[in-house]
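>>> Here is my input, please return the structure:
(2 chains)
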Amino acid sequence: MSEQKLTGAQIIIKALKDQGVDTIFGYPGGAVLPIYDALFQQNDLRHILVRHEQAAVHAAEGYARSTGKVGCVLVTSGPGATNAVTGLLDALCDSIPIVCLSGQVPTHLIGNDAFQEADTTGITRPCTKHNYLVKDVNSLARTLHEAFYVARSGRPGPVLIDVPKDVQFADGVYVPPAEVKHKTYRPQVKPEIARIEEAVELIANAKRPIFYTGGGVINAGPFAAKLLTQFVKATGFPITSTLMGLGAFPASDSQWLGMLGMHGTYEANLAMYNCDVMINIGARFDDRVTGKLSEFAPGSKKIHVDIDPSSINKTVEVDIPIVGDCGAVLEDMLRIWKARAKRPDQAALKSWWGQIEGWRARNCLNYNRTESVIKPQYALERLREALRGKDHYVTTEVGQHQMWAAQFLPFDQPNRWMTSGGLGTMGYGLPAAIGAQIAHPDAIVVDVSGEASFLMNMQEIGTAVQYRAPVKIFILNNQYMGMVRQWQELLHGSRFSQSYSEALPDFVKLAEAWGCVGLRATTVAEVDDVIAKMLAVTDRPCIVDIAVDPKENCFPMIPGGKAHNEILLGPEDKPSDATPEDGMVLV
Amino acid sequence: MDEHKIEKHTIAVLVDNEPGVLARVIGLFSGRGYNIESLTVAEVNNADHLSRITLVTSGTRMIIEQIKAQLSRLVPVHRVHDLTDEGPSVERELALVKVAGTGDKRIEALRLADIFKATVLDATLTSFVFELTGTTAQVDDFVGLMGQLGLVEASRTGVVAMSKGATGF
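Residues are numbered from 1 along each chain as shown, chains lettered A, B, ... in the order given. A predicted model of the protein is given here:
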């Protein structure tokens, strides 16, 4: 071990490099100037200058989600840190590994209401998996290595390290990652075999089974997704997934039922409602998925695999809880499954598939195919066809377009789909697309967007231009905050309070003002041409303004407080009764 | 078992004694809407900087399990033990109780203190400060009785607890 002294700033850079970081997203300011000076004097770490700190975190999320690595962020004290808060909470809700470094006023000024001082560890405590304030330069390297370990281990999440400016200047000793072992944090990765055996037994005796998988499979890595696919194929069972889990199982496979939940497919939700054995792998019984809890998959036996013990029995009591990494669990499950001779009742499975095919035949994603106006679903279908076979990544903002993208864009591989699921952060998609594009410069990265969400972080076009990140911003422009409008129509007597996107810019001119390509489609006939032109742009961002039907609603839909079998298929479907009061208060 | 039954549990948590650790625990309870009926904390191992938190909380069985899982999830937490679940335990609370008065009330206060095995920490011609150690119920009783005998103020530590028998935390 070298006893050579480095400054705190140099220690940070060295620790990041030793942790394998090649890209950091950030924005400079007074309290991080020493770190920016150290960045300036090296060439291994690439810094991406964003235009707002929230976007730095989202970009790091896009980078992390599309590579499986830890995303890295650098922001200054005070407003730099508070701006990052939304991003940090977004990463916490969706279990994305992030290490965020924030500058802090010098130690002797902490607590004095100094310029650009914020109680950053206090503010971010409930928005991070863990956070640190480093007051001693000699614990800086250790803290950084610990932070990376905590961020990526167990259920991943964001970790913030607040570094006062005097600590960045001070000289201290560096320790390499190998010498750092965490005192307390040891998440359980390997499952209990007895539980797996119980689970396999239950699975083998299922008559109406379903796999319900989530982001945990993606977080466990591509190997876990491969094992999941093998296991699902070996069983012949139907599979659905949460928004966060899309891509872990190939959407092109016939066993795939599509996404479940509030805007999930009819077949996925009905299969969940009627199943006798539910195999939850890496999902957390989120309220978007369960709907009315008392009528969630009534009469089913439930297996729940999760690396986070606090996810088990949090909202839904399960019969077989299994704590462990999805990859490790699937490996054991598959092995034990292969070793046992007994197979599920094939006749029962056949009849179950018959039932499912009946639900599938309802063709729940069908929409009114008209020539008179561009339907958002049509635009996405055309995008899907244009992307087929091409190396591509998709991010989204939040709202109707996000749900349509989840319904209409198929993913056959993990890590290709990035969306803000838990927190539902409008403005996530563009910076996340930039992060994914930086990680995959030659791939096609599309941000499926709405005009309102795009406006929330559109300053990041500047970032994309600066780094020649040719992200495609595919705006389904319905001139409304579409999901707000939809809820107001369905639940608030069509009183469209404040949900109209007034005073929109000309998105084509906006693109041109930044030196990007701007395209617009206002008729059905123009859609294919605009998509082709968009995909041809490879040296700069491209903003596409698709003027879609402003009145289109997103179906299927399970209204708040309703059960899976009360799903609405389209505008002609009326809720079975007025949405109950306890449903109205749900978001 | 009634899933809606509210149970009271005493939970011991061993944590790294580092800045913010108590805020993490309290923030967890307030952020997730759990009850804290009592919480005590102090360093118990100076060499390893370990603190022991004893907290008394209430909730349904599912909530209690969730509280323990959430506590275990905090990074600086070493161990979480549910003393209510894990067999017999002893619980004690310490209280300081100030009583002012003269004449019969003063004599009665002193007599009750003797019965409760409270000790006198401070005495003036018109007041006493008693120290009492006991279960929460005993302290409640004592403070209640003093209420009629010139209670000025009471200060209580909250519960500290430990499992019975030879095995440690």
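>>> Output the below-cut-off pLDDT ranges for the chain.
Went with chain A since none was named. Scanning chain A for pLDDT under 70 picks out the ranges A:1-3, A:574-581.
>>> I was thinking of chain B, sorry if that wasn't clear
Scanning chain B with the threshold set as pLDDT under 70 gives B:1.
>>> For chain A, give me its nearest residue in it.
residue B:69 (3.7 Å; C-beta to the nearest C-beta). C-beta coordinates here come from the backbone N, C-alpha and C atoms, glycine included.
>>> hang on, isn't that residue packed against residue A:309?
Yes: taking C-beta atoms under 8 Å as the definition, residue B:69 is a contact partner of residue A:309 at 4.8 Å.
>>> Settle it for me: which of those two has more neighbours?
Neighbour count, other C-beta atoms under 10 Å in any protein chain shown: between residue B:69 and residue A:309, residue A:309 has more, with 21 against 18.
>>> Tell me the span between the first and last residue of stretch A:418-427.
From its first residue to its last, stretch A:418-427 covers 13 Å (C-alpha to C-alpha, to the nearest Å).
>>> re the thing from before, what's near enough to touch the residue of chain B closest to chain A?
Neighbour list for residue B:69: A:309, A:310, A:312, A:314 [criterion: C-beta atoms under 8 Å, 6 or more residues apart in numbering or on different chains].
>>> Also within reach of chain B: list those from these.
A:309, A:310, A:312, A:314 (C-beta under 8 Å from any C-beta of the partner chain).
>>> Out of the residues you listed, which sit inside strands?
Judged by DSSP state E, these include no members of strands.
>>> And these, which is closest to residue B:111?
Closest to residue B:111 out of the ones next to chain B among the contacts of residue B:69 is residue A:310 (51.2 Å), distances taken as C-beta to C-beta.
>>> got the contact list for the nearest residue to residue A:565 once chain neighbours are set aside?
Excluding its sequence neighbours, the residue lying closest to residue A:565 (C-beta to C-beta, 6 or more residues apart in numbering or on different chains) is residue A:273, at 4.7 Å. Counting by C-beta under 8 Å, 6+ apart, residue A:273 makes contact with A:295, A:297, A:298, A:563, A:564, A:565.
>>> And for the third one, the neighbour number?
When you say that, I think you mean residue A:298. Using other C-beta under 10 Å, residue A:298 is surrounded by 11 other residues.
>>> The one residue in the stretch 201-350 of chain A that gets nearest to chain B - nearest residue in space that isn't next to it in sequence?
In the stretch 201-350 of chain A, the residue that lies nearest chain B is residue A:310 (3.7 Å; C-beta to the nearest C-beta). Nearest residue to residue A:310, sequence neighbours excluded (C-beta to C-beta, 6+ apart): residue B:69, at 3.7 Å.
>>> Name the helix or strand for residue A:431, please.
Here residue A:431 sits within helix A:429-439, counting by DSSP states H and E.
>>> Which strands or helices does that helix pack on?
strand A:23-26, helix A:53-67, strand A:392-396, strand A:417-418, strand A:444-450, helix A:451-456, helix A:461-466, strand A:472-477 (3 or more C-beta pairs under 8 Å, 6 or more residues apart in numbering or on different chains; DSSP states H and E).
>>> Need those in CSV (columns: distance to chain B and mean neighbour count).
Shown next, in CSV, are those (distance: least, C-beta to the nearest C-beta, whole Å; neighbours: other C-beta atoms under 10 Å in any protein chain shown):
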stretch, distance to chain B, mean neighbour count
strand A:23-26, 23, 26
helix A:53-67, 19, 30
strand A:392-396, 28, 27
strand A:417-418, 25, 28
strand A:444-450, 31, 29
helix A:451-456, 26, 24
helix A:461-466, 32, 20
strand A:472-477, 35, 28
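>>> so can I have CSV of those showing distance to residue B:109?
CSV is the format used below for the helices and strands packed on helix A:429-439 (distance: least, C-beta to C-beta, whole Å):
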stretch, distance to residue B:109
strand A:23-26, 66
helix A:53-67, 61
strand A:392-396, 71
strand A:417-418, 69
strand A:444-450, 72
helix A:451-456, 66
helix A:461-466, 73
strand A:472-477, 77
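>>> I'd like to know which residues of chain A are adjacent to chain B.
Taking C-beta under 8 Å from any C-beta as the contact definition, chain A meets chain B at A:121-122, A:125-126, A:129-131, A:133, A:150, A:183-185, A:308-310, A:312-314, A:317.
>>> Tell me the buried residues within those residues.
The neighbour-count test (16 or more other C-beta atoms under 10 Å in any protein chain shown) marks A:121, A:125-126, A:129-131, A:133, A:150, A:185, A:308-310, A:312-314 as buried among those.
>>> Between all of those residues, which two are separated the most?
Of all pairs drawn from these, the greatest distance, 34.1 Å, lies between A:133 and A:313 (C-beta to C-beta).
>>> how about the residue lying closest to residue A:482 once chain neighbours are set aside, what does it touch?
Excluding the flanking residues, the one nearest residue A:482 by C-beta to C-beta, 6+ apart is residue A:400, at 3.6 Å. Neighbouring residues of residue A:400 by C-beta under 8 Å, 6+ apart: A:376, A:450, A:476, A:478, A:482, A:483, A:486, A:552, A:553, A:554.
>>> for residue A:132, same thing?
Residue A:132 touches A:121, A:143, A:146, A:147, A:159, A:160, A:161, A:162, counting by C-beta under 8 Å, 6+ apart.
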